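A.B. asks: This is a predicted model, with the sequence first.
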Amino acid sequence: MTSVQTPKIKAVFFDVDGTIFSLKTKSIPESTRKAIKNLREKGIKVIVATGRSINDLSHIKHIEFDGFMTFNGGYCMTVDGQVMYRKVINTDDIKNLIDYSERSDVSFSLMYEDTVRISHESPKVLELYRHVDIPVPALVDKEKLDIENVLQVNVFIDPEMEESFMREIMPNSLSSRWTPLFADVNPGGVSKQGGVEYFCEYFNIDLSETMAFGDGGNDISMLKSVEIGVAMGNAGDNVKDIADFITEDVDNHGIEKALMHFGLLV
């Protein structure tokens, strides 16, 4: 790839699953490790932007980052643990979800700062945790259920059910999706775009000085908000359609190749 004239980039945001981390090999390509290290050596801020919780990032913690945008922007923290932003899901929506699950076969995960609880060990739930290489969480304890501190929910519904489900069951929240298995549900107003803005303010960086990589529907707001939004080759068409640039997939050194294309690596 030949490099192109690129605006001065001071921060790069990276989705995790399917972007930094290969869901095929369950590993991070060596080219990606070196690229991230090279960016930081140049003084460019490197920030994780994921739907996972901070406690589900052990597989990338050996890489040095400058910040963590987790729960799709609902929980943002600096590398030294300073929480910049935190927003929980409306408790009425959680009550509605629990009631709906008890009268249907829909499973869900409740995600907190320090733990995750699942409603059922259904085939879809077990497939998810195998897919992202995370141990299956404990079941919800209805006697000790905390509905006031839920930061994100995974709802195991088919894509065609999503719009009506959100409208009827969780109207104060919003959904996004990076897999047909489930929808991420976050508090209204939360998005990776918002997370980008919080980090830009914290580091005194303008949006015109930002770049982001992603592959899922929950990355769309982020890719649209930054100066250069890069879709991985393994991204869905809905992500590629809004991207400024489409690179190779995660297993074919997509991050390294895009950074070289834009002259951020040599």
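C.D. replies: Structure received.
A.B. asks: Going by C-alpha atoms from here, please, whenever you check contacts or count neighbours.
C.D. replies: Will do.
A.B. asks: who touches the most centrally placed residue in the chain in this structure?
C.D. replies: Among the residues of the chain, the one closest to the centroid is residue 50, at 2.3 Å (CA atoms, centre = their mean). Residue 50 makes contacts with 14-17, 69-73, as judged by CA atoms under 8 Å, 6 or more residues apart in numbering.
A.B. asks: The same query, at a cut-off of 10 Å, please.
C.D. replies: Listed by CA atoms under 10 Å, 6 or more residues apart in numbering, the contact set of residue 50 reads 13-17, 57, 68-74, 192, 214, 218-219.
A.B. asks: what does residue 266 give?
C.D. replies: Contact analysis of residue 266 by CA under 10 Å, 6+ apart lists 3, 38, 256, 259-260.
A.B. asks: Which entries within those residues meet the buried criterion?
C.D. replies: Neighbour-count burial (16 or more other CA atoms under 10 Å) applied to these gives 256, 259-260.
A.B. asks: Columns secondary structure, distance to residue 173 and pLDDT on top of those residues, output as a markdown table?
C.D. replies: A markdown table is the format used below for the buried ones among the contacts of residue 266 (DSSP: H, G, I helix; E, B strand; the rest coil; distance: CA to CA, whole Å; pLDDT from 0 to 100):
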| residue | secondary structure | distance to residue 173 | pLDDT |
| --- | --- | --- | --- |
| 256 | helix | 36 | 97 |
| 259 | helix | 35 | 97 |
| 260 | helix | 38 | 96 |
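A.B. asks: Using a markdown table, lay out these together with distance to residue 240.
C.D. replies: Output for the buried ones among the contacts of residue 266, formatted as a markdown table (distance: CA to CA, whole Å):
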| residue | distance to residue 240 |
| --- | --- |
| 256 | 18 |
| 259 | 17 |
| 260 | 19 |
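A.B. asks: Residue 45: which of the residues you listed is nearest?
C.D. replies: residue 259 (14.0 Å; CA to CA).
A.B. asks: residue ranges of the strands in the stretch 1-150 of the chain, please?
C.D. replies: Under the criterion DSSP state E, counting those that start in this stretch, the stretch 1-150 of the chain contains strands at 11-14, 45-49, 67-70, 75-78, 83-86, 108-111, 116-118, 138-139.
A.B. asks: Which among those is found nearest to residue 241?
C.D. replies: Judged by CA to CA, the one of the strands of the stretch 1-150 of the chain that comes nearest to residue 241 is strand 11-14, at 18.4 Å.
A.B. asks: Tell me where the model's unsure across the protein.
C.D. replies: 1-6 (pLDDT under 70).
A.B. asks: just the helices in it please.
C.D. replies: 30-41, 91-102, 123-131, 159-168, 192-203, 220-225, 237-240, 254-261 (DSSP state H).
A.B. asks: Distance to residue 177 for those - can I get that in JSON lines?
C.D. replies: Shown next, in JSON lines, are the helices of the chain (distance: least, CA to CA, whole Å):
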{"stretch": "helix 30-41", "distance to residue 177": "24"}
{"stretch": "helix 91-102", "distance to residue 177": "18"}
{"stretch": "helix 123-131", "distance to residue 177": "13"}
{"stretch": "helix 159-168", "distance to residue 177": "8"}
{"stretch": "helix 192-203", "distance to residue 177": "13"}
{"stretch": "helix 220-225", "distance to residue 177": "10"}
{"stretch": "helix 237-240", "distance to residue 177": "11"}
{"stretch": "helix 254-261", "distance to residue 177": "22"}
